[in-house]
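Asker: I would like to see how this sequence folds:
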Amino acid sequence: MAVERCPGQDMRFWRPDDIYEVPCPKCGASVEFWKNDPQRTCPGCGNSMPNPKIQLGCAKWCPHAAECIGAMASGEDASLRDRLIQAMKRVFGDDEGRVRHALQVLDHAERILAEEESDPLVVRAAAILHDIGIRAAEEKHGSSAGRYQQIEGPPIARRILIELGAPEDAIERVCDIVAHHHEVDRLRSSEGLIVWDADHIANLPAALAGKSEEKQRAYVEAIFRTRTGKALALMRLRWAAAAHAAGRPS
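Answerer: Numbering: from 1, shown residues only. The predicted model follows:
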């Protein structure tokens, strides 16, 4: 018999104010938190900051706490994650928009990863590096179109991962995701689908701009591939609708 999920963590029971923004103590940029996020990465400076409003008293006694709130990168994974972020920043240079997008995708991928069976190292690395070929695409092809990113991205991702000592099998899987991150039908791994969903959550405001509520929901149903990714996207729709009704920016 399936165990009923804790209502506090089941997004069906969440309210719009369970998503909120907190200023980064290092750079002042707004960091979006969901109420069960233990920590998040600032999109402005890459600083990892704890959730100042988190309330997880039940985690002290609940035997399912680790499954419930997930686990952030730790140990060697954390070190590689941080070094990948720095390598990504070096490639993008002063392009703050693309750095911010990569960090947003990483954050959403980690939220999905907490609920889905997948390889954390591959998910995190692919999320950070998914757009890594965009500058080379513009320089060589005069375009940032997805097909050019997918050509130029894998060699750059491979070089970075080799330099950082990532496992060979992980390198191949990450490069495969980078090579197909705009082609969902060619993303056959759970890691690839998590990155696909995380990328689309990050792009959701632009994708849904001007669409009716009915068309927004239809878009989410059609685009998202993981159960958790779809749930996060639907929660974001509810949060944006509530923010709009209250006159707050969403």
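
Asker: need the strands for this protein, in chain order.
Answerer: Under the criterion DSSP state E, strands of the chain are mapped to 19-23, 30-34, 39-41, 48-50.

Asker: low-confidence regions, the protein specifically.
Answerer: Applying pLDDT under 70 to the chain flags residues 1-13, 55-78, 243-250.

Asker: what about the residue lying closest to H108 once chain neighbours are set aside, how many residues nearby?
Answerer: Leaving aside its sequence neighbours, H108 sits nearest to A198 (Cβ to Cβ, 6 or more residues apart in numbering; 3.8 Å). In this view, the C-beta of every residue, glycine as well, is placed from N, C-alpha and C. By other Cβ atoms under 10 Å, the residues close to A198 number 27.

Asker: got a list of what A198 touches?
Answerer: By Cβ atoms under 8 Å, 6 or more residues apart in numbering, A198 lies in contact with 105-109, 111-112, 127, 229.

Asker: among those residues, which two are most distant?
Answerer: Distance extremes for the contacts of A198: the farthest pair is L106 and G229 at 14.2 Å, using Cβ to Cβ.

Asker: what about E172, neighbour count?
Answerer: Other residues near E172 number 13, with proximity taken as other Cβ under 10 Å.

Asker: ok, it to R40 distance?
Answerer: Here E172 is placed at a distance of 29 Å from R40 (Cβ to Cβ, to the nearest Å).

Asker: quick one, helices of the protein?
Answerer: 65-69, 75-92, 96-113, 120-129, 134-141, 146-163, 168-180, 190-202, 204-208, 213-223, 227-245 (DSSP state H).

Asker: want to throw these into JSON lines with distance to N47?
Answerer: Converted to JSON lines, the helices of the chain look like this (distance: least, Cβ to Cβ, whole Å):
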{"stretch": "helix 65-69", "distance to N47": "21"}
{"stretch": "helix 75-92", "distance to N47": "10"}
{"stretch": "helix 96-113", "distance to N47": "10"}
{"stretch": "helix 120-129", "distance to N47": "15"}
{"stretch": "helix 134-141", "distance to N47": "24"}
{"stretch": "helix 146-163", "distance to N47": "21"}
{"stretch": "helix 168-180", "distance to N47": "24"}
{"stretch": "helix 190-202", "distance to N47": "19"}
{"stretch": "helix 204-208", "distance to N47": "23"}
{"stretch": "helix 213-223", "distance to N47": "31"}
{"stretch": "helix 227-245", "distance to N47": "23"}
